[in-house]
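>>> Mind looking at a prediction? Sequence and model below.
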Amino acid sequence: MLDAGLSRRGLFAAGAALAASFVTAGCGVANGNSSDRILEPPRGSATPARLPLSTVNPDAVAAKFAGQSPKAWGTDVDGILTGFNAAGKQFAVTFDACGGPGNNDIDENLLAFLQAQQIPATLFLNKRWIDANPARAGQLAANPLFEIGNHGTAHCPLSVTGRAAYEIKGTANAAAAVDEVWGNHQRITALTGHAPRFFRAGTAHYDDVAVAIVKELGETPVGYSVNADFGATASSNQVQSNMMAAKAGGISLAHMHRPKSGTGAGMLAALPALKANGFQFVHLP
């Protein structure tokens with residue numbers, strides 16, 4: 001899997017160079033998943049058996065799942081968190097920052113709005129985005145309004161067979177899937193001082209073996225119930241309309257790295273309307 005003299009953790013020091021070898025396109029090409037349907041609460045456990053950081057051995061995890069054949073693929077595979085048991089009209093807002101060429105920008109107006117309105121959100125940051133915006137990532141991590149989630153090292157669909165989504169090639173095997181999760185797990189741990197609780201794969205696609213790998217590494221694989229902006233390609237009116245379909249216990253997926261897209265304006269219109277309709281915004285449980 002790795003040469004004896006080169007550890008997996010040593011590989012992650014290469015960061016952006018490694019990322020470039022894994023992926024050929026960013027979120028804009030992926031179009032951010034094609035469905036905005038409301039899914040039922042997750043069929044798998046929302047809380048993985050999280051081990052203390054010192055006991056997680058990524059090489060052992062890769063070896064454990066090596067050669068296993070997946071039986072399911074998509075955005076709502078068993079075990080992916082796509083909703084939660086809400087107390088009243090609670091709803092979780094999440095934003096991805098996908099990183100890479102053309103995807104390292106920041107929608108500062110959107111973030112300022114969330115802060116002004118005191119709307120908590122989970123921000124799924126890709127390692128390439130963090131590396132391109134280290135100071136801003138640190139500021140976001142220090143803000144208790146935001147929880148930092150893991151959006152992967154190179155923004156790959158999480159697979160053990162190389163399966164692609166939206167023309168983005170997935171991780172090739174169990175070892176590559178572990179690398180995709182663990183590289184940014186370490187980066188976020190260094191950034192925040194604690195391990196991330198949640199992981200969302202690039203394009204939000206997983207196979208069932210990859211879902212098990214994420215959990216074994218101590219994170220919860222996350223999907224969505226409302227696809228708000230189709231990979232930051234939707235108009236503001238579409239974003240607003242998609243968000244107004246929110247249901248209690250749902251999770252929205254949108255993007256925070258395309259300030260010229262319709263995402264920000266759509267969210268600025270939809271979130272106050274949802275709040276006026278009695279919704280309470282919460283972090284992922």
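Ah, there it is. Numbers count the residues shown, from 1 in each chain.
>>> My read is that residue 267 contacts residue 110, right?
Yes - look at residue 267 against residue 110 with C-beta atoms under 8 Å: they come within range, at 6.1 Å. The C-beta positions use only the backbone N, C-alpha and C, and glycine is treated the same way.
>>> Of these two, give the one with the bigger neighbour count.
Neighbours per residue, other C-beta atoms under 10 Å: of residue 267 and residue 110, the larger number sits with residue 267, 28 against 24.
>>> Could you measure from the residue most central in space within the chain over to residue 151?
With distances taken as C-alpha atoms, centre = their mean, residue 200 lies nearest the centre of the chain, 2.8 Å away. Counting by C-beta to C-beta, to the nearest Å, the gap from residue 200 to residue 151 is 6 Å.
>>> Report the set of residues contacting both of the two.
Taking C-beta atoms under 8 Å, 6 or more residues apart in numbering as the contact criterion, the common neighbours of residue 200 and residue 151 are 96, 124.
>>> Can you give me the pLDDT of the residue nearest to the centre of the chain?
Residue 200 is assigned a pLDDT of 98 by the prediction.
>>> tell me the contacts of it?
Going by C-beta under 8 Å, 6+ apart, residue 200 touches 94, 96, 124, 149, 150, 151, 152, 221, 222, 223, 253.
>>> May I see the residues you listed arranged in TSV, with secondary structure and pLDDT as well?
Supplementary listing: these in TSV, determined by DSSP: H, G, I helix; E, B strand; the rest coil; pLDDT from 0 to 100:
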residue	secondary structure	pLDDT
94	strand	98
96	strand	98
124	strand	98
149	strand	98
150	strand	98
151	coil	98
152	coil	98
221	strand	98
222	strand	98
223	coil	98
253	strand	98
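>>> now those residues as CSV including distance to residue 188 and neighbour count?
Written out in CSV, the entries for those read as follows (distance: C-beta to C-beta, whole Å; neighbours: other C-beta atoms under 10 Å):
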residue, distance to residue 188, neighbour count
94, 15, 26
96, 14, 31
124, 10, 29
149, 8, 25
150, 6, 32
151, 9, 31
152, 11, 32
221, 15, 28
222, 14, 28
223, 19, 26
253, 19, 27
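>>> Which one of the residues you listed is nearest to residue 117?
Sorting the contacts of residue 200 by distance to residue 117 puts residue 94 at the head of the list, at 15.9 Å, by C-beta to C-beta.
>>> and the gap between that closest one and residue 64?
29 Å.
>>> what do you get for residue 140?
The spacing between residue 140 and residue 64, counted by C-beta to C-beta, is 33 Å.
>>> and what of residue 108?
Separation of residue 108 from residue 64 (C-beta to C-beta): 42 Å.
>>> before we move on, what about residue 116?
In this structure, residue 116 and residue 64 are 46 Å apart, going by C-beta to C-beta.
>>> Between these two, which has more neighbouring residues?
Summary of the neighbour comparison: residue 116 and residue 64, criterion other C-beta under 10 Å, with residue 64 having more neighbours (14 against 8).
>>> Quick one: distance of the host helix or strand of that one to the chain centre.
Here residue 64, judged by DSSP states H and E, is contained in helix 58-65. On the basis of C-alpha atoms, centre = their mean, to the nearest Å, helix 58-65 sits 22 Å off its chain's mean C-alpha point.
>>> average pLDDT for the following helix or strand past it?
Past helix 58-65, further along toward the C-terminus, the next helix or strand under DSSP H and E is strand 73-74. Per-residue pLDDT values across strand 73-74 average out to 98.
>>> which helices and strands does strand 73-74 pack with?
The helices and strands touching strand 73-74, judged by 3 or more C-beta pairs under 8 Å, 6 or more residues apart in numbering; DSSP states H and E, are strand 206-207.
>>> which outside residues touch the strand it packs on?
Residues external to strand 206-207 that are found in contact with it (C-beta under 8 Å, 6+ apart): 70, 72-75, 77, 80, 157-161, 163, 214, 221.
>>> how does it look with 7 Å?
Taking C-beta atoms under 7 Å, 6 or more residues apart in numbering as the criterion, the residues outside strand 206-207 that touch it are 70, 72, 73, 77, 80, 158, 159, 160, 163, 221.
>>> can you tell me which residues contact the last one?
I take that to be residue 221. For residue 221, the residues meeting the contact criterion (C-beta under 7 Å, 6+ apart) are 79, 80, 81, 199, 206, 211, 214, 215.
>>> Fine by me, thanks again.
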